[in-house]
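> here you go, sequence then predicted model.
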Amino acid sequence: MGSIAEPLHVDPFPEQIREEDAGAVFVLESKGTWWHAGFHLTTAIVGPTILTLPYAFRGLGWGLGFLCLTTMGLVTFYSYYLMSKVLDHCEKAGRRHIRFRELAADVLGSGWMFYFVIVIQAAINTGVGIGAILLGGECLQIMYSDLFPNGSLKLYEFIAMVTAVMIILSQLPTFHSLRHINLVSLFLSLGYTFLVVGACIHAGTSKHPPPRDYSLETSESARVFSAFTSISIIAAIFGNGILPEIQATLAPPATGKMVKGLLMCYAVIFVTFYSASVAGYWAFGNKSSSNILKSLMPDEGPSLAPTWVLGLAVIFVLLQLLAIGLVYSQVAYEIMEKKSADVNQGLFSKRNLIPRIILRTLYMIFCGFMAAMLPFFGDINGVVGAIGFIPLDFILPMLLYNMTYKPPRSSLMYWINISIIIVFTGAGIMGAFSSIRKLILDAYKFKLFSSDVVD
């Protein structure tokens, strides 16, 4: 593994400064256990985006689909493990980092890296917040359309309802205060996965199963672009981009606790990701929608599974989306409250409570407005994966590990890390190009404040 390099520089984010930092003291308070971290991680990674996996498989086929899913799983677990090791090392050296941007700037010794990470994180977290509200609105619309087929309510009205609920829930003051919500979220993810898998099996074994075709696109260039778009989608599904902030919620010393949380999270990932991918792609092949629930509830004709099963799955998805929106908004809150809150006043003092209510409400209104205006979730997911999650989750952890632990250049670990950096940099560039190309090709379907989510 090589010798551990002792820090040669002063911690640029010392503890005494952090004690005056309301974002750190309030939002990222360190009181959690390893299982709380596991709940947060699972909510950050295992979300309704797993219902997009059959759609990702249609651009890859069975063989490449399984290969990419397994590779992404192994690489992300390895990546998050390395990141937790770097954070543990810094803590032992007296430099505990609670923010991704501070860790990157400290280890890499570069001021611009601080701003690079904060911009990428802000894009990811706001994008996920918008996507959670958009999908939540779509869930409400699905239930409403089933109950009132000729109803007059539009998608943006359901988005406004979800935004109102998110404004209320966003007032939970700290990341740690979400631990019980995120435990429920873990069970919800298992619940809707099993319901959807059962629905796909029911549809595929019925007297009139949907036609199944597993062939890829005929044009070689189209196949290549579709494959890289699918890789970007899988990367986005495995990504989280907030592991240091989650580790920050652990009561010190945090050493070793995050690995246990990761093992809990990846046990859930193994069960949900593979079952949803196999069942959905098996049932619908290359006609899989970007949300497999849409394939099970076609616009034309009856639902392909019992209505109560699909209805319960939609309710579970809706409830978990609220938890996901809350988790990914924590970075925005700690950035805002670092400046707006006074650490010398109480968490619920009027001085801190009023700015918190105003700022968090405005942030959620912004996310809700963008969700209503830009309902192109499937295409945006691929762009976010390539541009955001790949640098933060597939490249920086390996670089940070090599810079911190300095494994010999002759060691296997050094070259594994370098290989992952090179491969995923290339995949990120190609994925971004492919995803943006698909966004442009689908642009004719886009309508601002449309009542239809574009696949």
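It's in.
> CA atoms for contacts and neighbours, from now on please.
OK.
> and the one helix or strand Leu310 maps to, average pLDDT?
Per DSSP states H and E, Leu310 falls inside helix 307-340. Summarised as a single mean, pLDDT over helix 307-340 is 93.
> who does it touch, helix- and strand-wise?
helix 22, helix 34-45, helix 111-147, helix 155-169, helix 179-204, helix 350-373 (3 or more CA pairs under 8 Å, 6 or more residues apart in numbering; DSSP states H and E).
> what comes up buried for that helix?
310-338, 340 (16 or more other CA atoms under 10 Å).
> where's Thr255 relative to Phe39, distance?
18 Å (CA to CA, to the nearest Å).
> show me which of those two is the more surrounded one.
Using other CA atoms under 10 Å as the criterion, Thr255 and Phe39 rank with Phe39 on top: 25 against 17.
> distance check, that one against Leu169.
18 Å.
> cool, and Leu322?
Distance from Leu322 to Leu169, by CA to CA: 8 Å.
> Ile440 too?
In terms of CA to CA, Ile440 sits 35 Å off from Leu169.
> the more surrounded of those two?
Using other CA under 10 Å as the criterion, Ile440 and Leu169 rank with Leu169 on top: 16 against 13.
> against Leu399, how distant is that one?
In terms of CA to CA, Leu169 sits 37 Å off from Leu399.
> swap in Ile237?
In terms of CA to CA, Ile237 sits 22 Å off from Leu399.
> looking at the two, which is more packed in?
Ile237 (26 against 21).
> tell me the SS of the more buried one?
helix (DSSP: H, G, I helix; E, B strand; the rest coil).
> who's in contact with stretch 350-365?
163, 166-167, 170-171, 333, 336-337, 340-342, 345-347 (CA atoms under 8 Å, 6 or more residues apart in numbering).
> so what's the gap between that stretch and the chain middle?
24 Å (CA atoms, centre = their mean, to the nearest Å).
> tell me the buried residues in it?
For stretch 350-365, by 16+ other CA under 10 Å, it's 352, 356-357, 359-361, 363-365.
> next one: stretch 271-284
272-284.
> where's Tyr266 relative to Gly61, distance?
Counting by CA to CA, the gap from Tyr266 to Gly61 is 24 Å.
> looking at the two, which is more packed in?
Neighbours were counted for Tyr266 and for Gly61 using other CA under 10 Å; Tyr266 has more, 21 against 18.
> and that one, how close does it get to Lys260?
From Tyr266 to Lys260 the distance is 10 Å (CA to CA).
> and what of Met83?
14 Å.
> shaky segments in the chain?
Judged by pLDDT under 70, the chain has its weakly predicted residues at 1-20, 376-382, 384-386, 443, 446-455.
> centroid-wise, who is the farthest residue in it?
Outermost residue of the chain with respect to the C-alpha centroid, by CA atoms, centre = their mean, is Lys207; its distance is 37.4 Å.
> got phi/psi on that residue?
Backbone torsions of Lys207, given as degrees, to the nearest 10, read phi -60, psi -30.
> and the gap between it and Val259?
To Val259, Lys207 is 47 Å away according to CA to CA.
> what does Val46 give?
In terms of CA to CA, Val46 sits 17 Å off from Val259.
> one more: Ala56?
Taking CA to CA, one finds Ala56 at 29 Å from Val259.
> settle it for me: which of those two has more neighbours?
Neighbour count, other CA under 10 Å: between Ala56 and Val259, Ala56 has more, with 30 against 19.
> burial check on the closest residue to that one other than its chain neighbours, number of neighbours?
In space, and not counting its chain neighbours, Ala56 is closest to Ser230: 4.5 Å by CA to CA, 6 or more residues apart in numbering. By other CA under 10 Å, 28 other residues sit near Ser230.
> in a strand, that's where Ser230 is, yeah?
No: under the criterion used here (three-state DSSP), Ser230 is helix, not part of a strand.
> residues contacting it?
By CA under 8 Å, 6+ apart, Ser230 lies in contact with 55-57, 59-60, 382.
> again, but for Ile421
So Ile421 contacts 394-396, 398-399 (CA under 8 Å, 6+ apart).
> now Asn240
Asn240 touches 41, 44-45, 389, 393, counting by CA under 8 Å, 6+ apart.
> report the buried members of those.
41, 44-45, 389, 393.
> ok, and the closest non-adjacent residue to Asn125?
Going by CA to CA, 6+ apart, Asn125 has Tyr328 as its nearest residue, at 5.1 Å.
> I'd guessed Ile233 sits against Tyr55; true?
No: judged on CA atoms under 8 Å, Ile233 makes no contact with Tyr55 at a distance of 9.2 Å.
> and the two? which has more neighbours close in?
Just comparing Ile233 and Tyr55: by other CA under 10 Å the higher neighbour count belongs to Ile233, 30 against 26.
> by how many degrees do the host helix or strand of the more buried one and helix 34-45 diverge?
Assigned by DSSP H and E, Ile233 belongs to helix 220-238. Computed by axes from the mean of the first three to the mean of the last three CA atoms, to 10 degrees, the angle separating helix 220-238 from helix 34-45 equals 150 degrees.
> counting neighbours, what do you get for the nearest residue to Glu138 once chain neighbours are set aside?
Excluding the flanking residues, the one nearest Glu138 by CA to CA, 6+ apart is Leu155, at 6.6 Å. Residues near Leu155, counting by other CA under 10 Å, number 22.
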